[in-house]
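Student: pasted the sequence and its predicted model underneath.
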Amino acid sequence: MSTEGGIGYYVPGTVATLIDRAPLQAGVVVEPIYLNYSGDFSISADIPIAGLVATGVDVDLDAVVVGGIYTFETPVLGGKYSAGLFTSWADVTVTGTIESDLGNFRRRDSTSGLSDTSLVPAMLAWQCENWQYNALLTVYAPTGDYDVGRLANPGLNYWAVDPTFSVAYSNQESGFNASLFAGLTYNWENPDTDYKSGSLFHLDGSLQQMLPAGEGFVTLGLNAFWLNQISDDDNPGPGLFIQEFRQRSSGIGPVVGYVLPMGKENLLVEFRWLPELDTKNTPEGDYFWLKLVYQFDI
């Protein structure tokens, strides 16, 4: 129901806070990330997954993402230009009741493997006093492991693009920070199932206060998201999906971090908990993020 499997490339909390803003300093940013998610669908929901139809679906995911961003010295369109690449490894467990002509049966699939790759061909940042404006294009490439008929797949098996724009405010004197990211995820068709997921509009934002702590700063605040599917899926499957099925979700939770400035080098660490509070046609659960960013001049 809604995007194939109820989960798409947009993951709440991917970009939401101070640590996710586009770099303003030329050089290299290295970013390892850990994500844990556990959620479940309504027991009555029929979910199309990898060519199957399942109900009572539970999802557990652990993922490690490693990526890097390079920021060029020469400005583009008056702003700092960056490009990057992120790859990931995921451990996925999905449990559900499979619907078939021979009857329904409970099944649990667990898989580990290479997940899909996020390409960032363009990231632009403009700064005006306390304000920063960002434009970001992410291209998702289906490099992950995927099998038709398997509930748990590290990859989604289709291409997608996600242009995102953001505005951020930072007050160096008070330590107050605010960020708002708005994006639109457009999905291509899954060639193995002929299923084309609809487009998603998403908002992510945060409020954070920086407090002096040793040689750096502790950051305390809240992060939140809102997701709404704005176009229908194109599903060639069983007739029960001929109705309009779109997903919707929102959530809010705490975020805590530490920033250590070191001249032209910076270290940022952040932990965030993002529970989903209102969902429709997508699993409801909790996102836990642990992010580390190291920025250095070359």
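Tutor: It's in. Numbers count the residues shown, from 1 in each chain.

Student: and the gap between residue 178 and residue 209?
Tutor: Using CB to CB, to the nearest Å, residue 178 is found at 10 Å from residue 209. C-beta: built from backbone N, CA, C; applies to glycine.

Student: and those two? Which one has more around it.
Tutor: Neighbours were counted for residue 178 and for residue 209 using other CB atoms under 10 Å; residue 178 has more, 16 against 13.

Student: OK, contacts around residue 21?
Tutor: By CB atoms under 8 Å, 6 or more residues apart in numbering, the contact set of residue 21 is 125, 132, 134, 166, 168, 179.

Student: phi, psi of the last one?
Tutor: Okay, so that is residue 179. Dihedral pair for residue 179: phi -140, psi 140, per degrees, to the nearest 10.

Student: quick check: it touching residue 18?
Tutor: Yes - counting by CB atoms under 8 Å, residue 179 touches residue 18, with 6.5 Å between them.

Student: joint contacts of these two?
Tutor: Each of 168, 206, 208 lies in contact with both residue 179 and residue 18 under the rule CB under 8 Å, 6+ apart.

Student: which of the residues you listed has the most neighbours?
Tutor: residue 206 (26 neighbours).

Student: surely that residue and residue 255 touch.
Tutor: Yes - between residue 206 and residue 255 there is a contact at 6.3 Å, judged by CB under 8 Å.

Student: now do the shared contacts for those two.
Tutor: Residues touching both residue 206 and residue 255 (CB under 8 Å, 6+ apart): 16, 17, 221, 222, 223.

Student: please name the nearest non-neighbouring residue to the fourth one.
Tutor: It stands for residue 222. Among residues not flanking residue 222 along the chain, residue 207 sits closest, at 5.5 Å (CB to CB, 6 or more residues apart in numbering).

Student: show the contacting residues for the one you found.
Tutor: 176, 177, 178, 221, 222.

Student: could you say which helix or strand contains it?
Tutor: In the assignment (DSSP states H and E), residue 207 maps to strand 200-213.

Student: could you list the paired strands of that strand along with their orientation?
Tutor: strand 176-187 (antiparallel), strand 216-229 (antiparallel) (DSSP bridges).

Student: now do the shortest one: distance to the chain's middle.
Tutor: Distance, stretch centre to chain centre, for strand 176-187: 11 Å (CA atoms, centre = their mean, to the nearest Å).

Student: what are the buried residues along it?
Tutor: Neighbour-count burial for strand 176-187 flags 177, 178, 179, 180, 181, 183, 185, 187 (criterion: 16 or more other CB atoms under 10 Å).

Student: same question, the last one
Tutor: By neighbour count, and taking 16+ other CB under 10 Å as the criterion, the buried residues in strand 216-229 are 216, 217, 219, 221, 222, 223, 224, 225, 226, 227, 229.

Student: that concludes my questions; thank you for your assistance.
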